[in-house]
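J.: Structure of the sequence below:
(chains A and B)
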Amino acid sequence: DSGVTQTPKHLITATGQRVTLRCSPRSGDLSVYWYQQSLDQGLQFLIQYYNGEERAKGNILERFSAQQFPDLHSELNLSSLELGDSALYFCASSVGRGQPQHFGDGTRLSIL
Amino acid sequence: DQQVKQNSPSLSVQEGRISILNCDYTNSMFDYFLWYKKYPAEGPTFLISISSIKDKNEDGRFTVFLNKSAKHLSLHIVPSQPGDSAVYFCAASRNFGNEKLTFGTGTRLTIIP
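T.: Below is the predicted model of the structure:
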């Protein structure tokens, strides 16, 4: 158990819809990262938050947004969903420099 | 641009022998490297890391070697056990891990009993 909790584990929805993925980081971790793993692809960085502030952005589509709340949990919002958005979405958290990121078990998003 | 490469998609090793997984990187700004193990339907599990100020780090059966001049790192597992069968991802970061991870595409390790 990494200590990072992601909900829901599975999400099935239709094109054009909007979903919210939730992540609770490990206790004490201020940084939260979101990654996407599409079929046969490695994990791709989407966005990083540190203590409520956006720190860095990767290949995140404009239809996607995220935020980190005062209690440090984070949400990833995906809107106007397309078939190609079907993927595993992972959240990771870390304390900071010199320490690894620890990952949750992911949310599997299926767009029908 | 694949900045972190794992050129072997799969590897089979006899139980009890050494498993060696390789990873190459191109970005000289990377200064923190990690190995993760992943089972199906689970998130990546952190195994071991190394910063660029070291060339070796050991934790039990796992040892990571870093060759900065060759931009190459490797993970040694000795002895290999059936429970080690999984997909292994190499990852790299800047700012000693305080930034995003860039992942390789993974190597599927199968330990043969």
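
J.: Could you pull up the residues touching residue A:48?
T.: By Cβ atoms under 8 Å, 6 or more residues apart in numbering or on different chains, the contact list for residue A:48 reads A:31-34, A:54-57, B:99-100. For glycine as for every other residue, the C-beta is placed from the backbone atoms N, C-alpha and C.

J.: OK, contacts around residue A:95?
T.: Applying Cβ under 8 Å, 6+ apart, we find residue A:95 in contact with A:28-31.

J.: Model confidence for it, exactly?
T.: With respect to pLDDT, residue A:95 scores 90.

J.: Also residue A:82?
T.: 96.

J.: what's around it, how many residues?
T.: 12 (other Cβ atoms under 10 Å in any protein chain shown).

J.: same question, residue A:9
T.: By other Cβ under 10 Å, 11 other residues sit near residue A:9.

J.: I'd guessed it sits against residue A:105; true?
T.: Yes: counting by Cβ atoms under 8 Å, residue A:9 touches residue A:105, with 6.9 Å between them.

J.: Return the closest of the contacts of residue A:95 with respect to chain B.
T.: Closest approach to chain B among the contacts of residue A:95 (Cβ to the nearest Cβ): residue A:31, at 7.5 Å.

J.: I only care about the contacts of residue A:48 that end up buried; give me the ChimeraX line for that.
T.: Only the buried entries of the contacts of residue A:48 go into this ChimeraX selection, using 16 or more other Cβ atoms under 10 Å in any protein chain shown:
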select /A:31,32,33,34,55 /B:99,100
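
J.: rewinding a little: show me the contacts of residue A:95 that map onto strands.
T.: Of these, the ones assigned to strands by DSSP state E are residue A:31.

J.: Can you tell me the element residue 66 falls in?
T.: Answering for chain A, as no chain was given. strand A:64-68 (DSSP states H and E).

J.: I was thinking of chain B, sorry if that wasn't clear
T.: strand B:62-67.

J.: hmm, who's touching the helix or strand just after that strand?
T.: As assigned by DSSP H and E, the chain's next helix or strand after strand B:62-67 is strand B:72-77. With contacts defined as Cβ under 8 Å, 6+ apart, strand B:72-77 is touched by B:18-25, B:33, B:35, B:47-48, B:50, B:61-67, B:84, B:88, B:90, B:109.
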